[in-house]
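Q: here's a sequence, model it:
(chains A and B)
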Amino acid sequence: MAFVEKKLPADAPVVDKALNWVDSRFPLTKLWNDQWGKYYAPKNFNFWYIFGSLAMLVLVIQIVTGIFLVMHYKPDATLAFASVEYIMRDVPWGWLVRYMHSTGASAFFIVVYLHMARAFMYGSYRKPRELIWLFGFAIFLCLMAEAFFGYLLPWGQMSYWGAQVIVNLFGAIPFIGPDLSLWIRGDYVVSDATLNRFFSFHVIAIPLVLLGLVMAHLIALHEVGSNNPDGIEIKENLGPDGHPLDGVPSHPYYTFHDIFGVTVFLTLFSAVIFFAPEMGGYFLEYNNFIPADSLKTPPHIAPTWYFTPFYSILRATTSEFLFVIQAGIAAYVGLIFLTTKLPQMIKFAIAGAALLAIAGMMPGALDAKFWGVVLFGGSVVILAFLPWIDLSPVKSIRYRPDWHKLVYIVFAITFVTLGYLGVQPPSPIRERISQVCAIIYFSFFLLMPWWSAMGTFKPVPKRVTFTPH
Amino acid sequence: MSNEKQVDSGRRGLLVATCAAGGVAGLATAGALVSTFQPSERAKAAGAPVEVDISALKPGEMTTVEWRGKPVWILKRTPEMLSSLAKTEDKVADPESKKPYTMELPEYCDKQTRSRKEHGDLLIAVGICSHLGCSPGSKFQPGPQPSLPDDWQGGFLCPCHGSTFDLAGRVYKNKPAPQNLDVPRHMFLSDTKIIIGKDEKGEA
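A: Next up, the predicted model:
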């Protein structure tokens, strides 16, 4: 097909002519309209719908501040700690850039956890948004990797021993484990080789993957359209212009809505940067102001707060607790056999896998350390299955039976409790509580196919709940 | 006559062969990149035995030296400390060190004191917890205290996941750590001088 350029009148503004020249060669206007300008979003968004935009903002903050930090940081075990202090003390405004980056890391997780909580409440992961959820899940994994690799870079005591613990997690895998952790470290202990490769992952490898995933997440979202607090598909009610009756174009409506949210966020963000950048030892742990010492673990080590819910599950897995898990698995298989209509083949496959797991947890088989790592990984990965284990006939919590709200509240409390216990030093009582919480955590997901379909659901309205204001 | 063309099997064969050859080259390159992650020759070369002078070490005191980048503890145990090992015998998971962590208990070491028989008071152990590699802290004071059981006999507590070890580096039952602390091969050059990472049989 021959190249045809749209002809504009001779007296058209230069800007229009320039845009027309570009649009004939690159779909600039089309991209803008598809992705934001004429993207019709439900008009009943509430407070919870700000966190997607905020996550994007924090991503930009992290990338920009990161670029400037790399200009002064030295990824060398003998120089790294001092170079961070150099940024803090000698580089003009270096402290601000560094605090923006370190506070940004925690802010990222706060925003992303709230963003995920929104998806839980309004069923945003349900059909047809499964891929949006999976891309988002992959982004969450990347963020965790990014935070973990980045935390080694200041080469403080927490950096060092945190990396030591996490790398050794891989050592728990039978047969290949010890060699695998050696391969990750590149040395027999966490050392300069480890620091250099973590630096490479932190500044280039993971960010590239992350950006790609964010694009996929947004393209998928703008393809199927946003969910909303009522869990109704607004595309089912189109107006004469072909646009959803319950939708408004993102620009200008959500542009200005989000700018307001950004203002509030930046106010809080700045308050933390200027008045509490360490956040009482939660955003920047005090032990990390001591240079890494390979001979001495600090008396109390804990990961940064955003990892602690999963870390608590790791810590809860003792050899005693394995008996409880064995009983749990047996009961779960029983439940599947008695109450589901799955094909016989699948039922027996599940039973076989369960039998292997139970045998593997026997004393003298695979030890508790390995199963701790399995549960730790499983507690994260189980999130990916959400679109297929939630069988509720409605998406939004608004039209679910009231007791479902209670289930979500119990889950939220469990998650926060696990997080709290993860920053505390271990003790017998706390170990028991974290074990109970671990059971609740896994039951929430594993029993979801049953409980999510139980109860009396409320009628879902045809149109979204919205009062003009 | 339709637009569908006959597949030229000769060309198709060449296409497959080209893809296969390209794939092999791609895999080989990926293999090279993955291999760069292994410990370098320099990292492998570092690991010489270390000599330690223990003449200044008093009973009940511990000193830490670095060997292969890891902390090695040298603890001179008092008679009371040594007698506590009989009381912990049935509380530890593996009293005879049958399941080693990264190195076997040297055959010249006693099962209970885990030290050379002629120097039974001197515990030499790699201070790296067999759970996830933290370095446990010293809790030599017996009796009840935070994070420890009330009948504590003195030993080591790992700050990361709460594993406890007795004064011979043996892990208590039902703790995250699966194995006892490693005892490296070592020997006495004189009564006050030891070498870690080397014994009568040569380097460990």
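
Q: what helix or strand is the closest residue to residue A:59 other than its chain neighbours on?
A: The shortest distance from residue A:59 to any non-neighbouring residue, by C-beta to C-beta, 6 or more residues apart in numbering or on different chains, is to residue A:214 (6.8 Å). Yep, even glycine has a C-beta here, placed from its N, CA and C like the rest. Taking DSSP states H and E as the criterion, residue A:214 maps to helix A:206-224.

Q: residues of that helix that come out buried?
A: For helix A:206-224, burial by neighbour count (16 or more other C-beta atoms under 10 Å in any protein chain shown) applies to A:206-207, A:209-210, A:213-214, A:216-218, A:220-222.

Q: next: stretch B:146-164.
A: Buried residues in stretch B:146-164, defined by neighbour count with 16+ other C-beta under 10 Å: B:147-148, B:152-164.

Q: check these against residue B:173 and report the nearest one.
A: Using C-beta to C-beta, residue B:164 comes nearest to residue B:173 of the buried residues of stretch B:146-164, at 9.8 Å.

Q: dump the residue contacts of the closest residue to that closest one other than its chain neighbours.
A: Leaving aside its sequence neighbours, residue B:164 sits nearest to residue B:172 (C-beta to C-beta, 6+ apart; 4.6 Å). By C-beta atoms under 8 Å, 6 or more residues apart in numbering or on different chains, the residues touching residue B:172 are B:88, B:91-93, B:163-166.

Q: let's go with 10 Å and repeat that
A: B:88, B:91-93, B:149, B:155, B:163-166 (C-beta atoms under 10 Å, 6 or more residues apart in numbering or on different chains).

Q: same deal with residue B:167?
A: Listed by C-beta under 10 Å, 6+ apart, the contact set of residue B:167 reads B:75, B:77-78, B:80-85, B:88, B:113-114, B:123, B:138-140, B:142, B:153-156.

Q: please repeat the previous calculation with a cut-off of 8 Å.
A: B:75, B:77, B:81-82, B:84-85, B:88, B:123, B:140, B:153-155.

Q: that one: which element?
A: Here residue B:167, judged by DSSP H and E, is contained in no helix and no strand.

Q: contact partners of stretch A:273-287?
A: A:96, A:99-100, A:102-103, A:105-106, A:156-158, A:272, A:298, A:300-302, A:304-305, A:423.

Q: in helices, which of these appear?
A: A:96, A:99-100, A:102-103, A:105-106, A:157-158, A:272, A:423 (DSSP state H).

Q: now render these as TSV, adding pLDDT, distance to chain B and neighbour count.
A: Formatted as TSV, these follow (pLDDT from 0 to 100; distance: C-beta to the nearest C-beta, whole Å; neighbours: other C-beta atoms under 10 Å in any protein chain shown):
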residue	pLDDT	distance to chain B	neighbour count
A:96	97	33	15
A:99	97	28	19
A:100	97	30	23
A:102	96	23	24
A:103	97	26	24
A:105	97	22	20
A:106	97	22	19
A:157	95	11	22
A:158	93	11	23
A:272	97	28	19
A:423	90	13	18
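
Q: biggest separation within those, which pair?
A: The largest separation in these, counting by C-beta to C-beta, is between A:96 and A:423 at 26.8 Å.
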